[in-house]
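> Curious how this folds, go ahead:
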Amino acid sequence: MGKRQIRIAGTRLQQHAPELLEQSAVQVVLRSRVVLAGKLLQVSPDNITVLDMRRSKHVLPTDQIQEVIYDIEAVW
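The predicted structure follows:
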C-alpha cells in the first residue's frame with residue numbers, strides 16, 4: 001500500500017480548510033524551515049491552531065507558514 005503527499009501552500013490554507021481539518025495528522029512547514037506535526041484544530045485568515053503529539057496547542061500566524069502537508073493512501 002503506497003502513500004501520496006498532498007501539499008498545500010500557506011497562502012491557500014483558507015480554501016482547503018475543510019479537507020485539512022478532517023485529517024488525523026498534518027505537518028506544518030514554517031518559513032523558518034521548522035516543521036510541526038500534529039492535528040489541525042482551527043484555520044482562520046490570521047492563524048491556525050495545531051495540537052502536537054505531546055498534546056500542546058500551538059497558534060501559528062498564517063504569514064509564517066510555507067506549506068501544510070498530509071498523506072493519503074494511494075489507489076494501488
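> ok, the residue nearest to Ile65 when sequence neighbours are not counted to Arg54 distance?
Of all residues not flanking Ile65 in the chain, Gly10 sits nearest, at 3.6 Å (Cβ to Cβ, 6 or more residues apart in numbering). Where you see a C-beta, it was placed from the backbone N, CA and C, and this is true even at glycine. According to Cβ to Cβ, to the nearest Å, Gly10 and Arg54 sit 24 Å apart.
> Between those two, which has more neighbouring residues?
In this view Gly10 and Arg54 are compared by other Cβ atoms under 10 Å, and Gly10 has more residues nearby, 19 against 6.
> Can you check the distance spanned by stretch 21-40, start to finish?
Start to finish, the residues bounding stretch 21-40 are 6 Å apart (Cα to Cα, to the nearest Å).
> Glu19 should be in a helix, yeah?
Yes - per DSSP: H, G, I helix; E, B strand; the rest coil, Glu19 lies within a helix segment.
> check contacts around Asp71.
Asp71 makes contact with Lys3, Arg4, Gln5, Ile6, Ala25, according to Cβ atoms under 8 Å, 6 or more residues apart in numbering.
> List just the nearest of the residues you listed to Val68.
Nearest to Val68 among the contacts of Asp71: Ile6, at 8.8 Å, using Cβ to Cβ.
> Can you tell me the element the one residue sitting closest to the centre of the chain falls in?
Taking Cα atoms, centre = their mean, the centroid of the chain lies closest to Val68, which sits 3.8 Å from it. In the assignment (DSSP states H and E), Val68 maps to strand 65-73.
> average model confidence for that strand?
The average of the pLDDT scores along strand 65-73 is 95.
> can you check stretch 19-26 too?
Mean per-residue pLDDT for stretch 19-26: 95.
> Next, the buried residues of it.
Judged by neighbour count (16 or more other Cβ atoms under 10 Å), stretch 19-26 contains these buried residues: Leu20, Val26.
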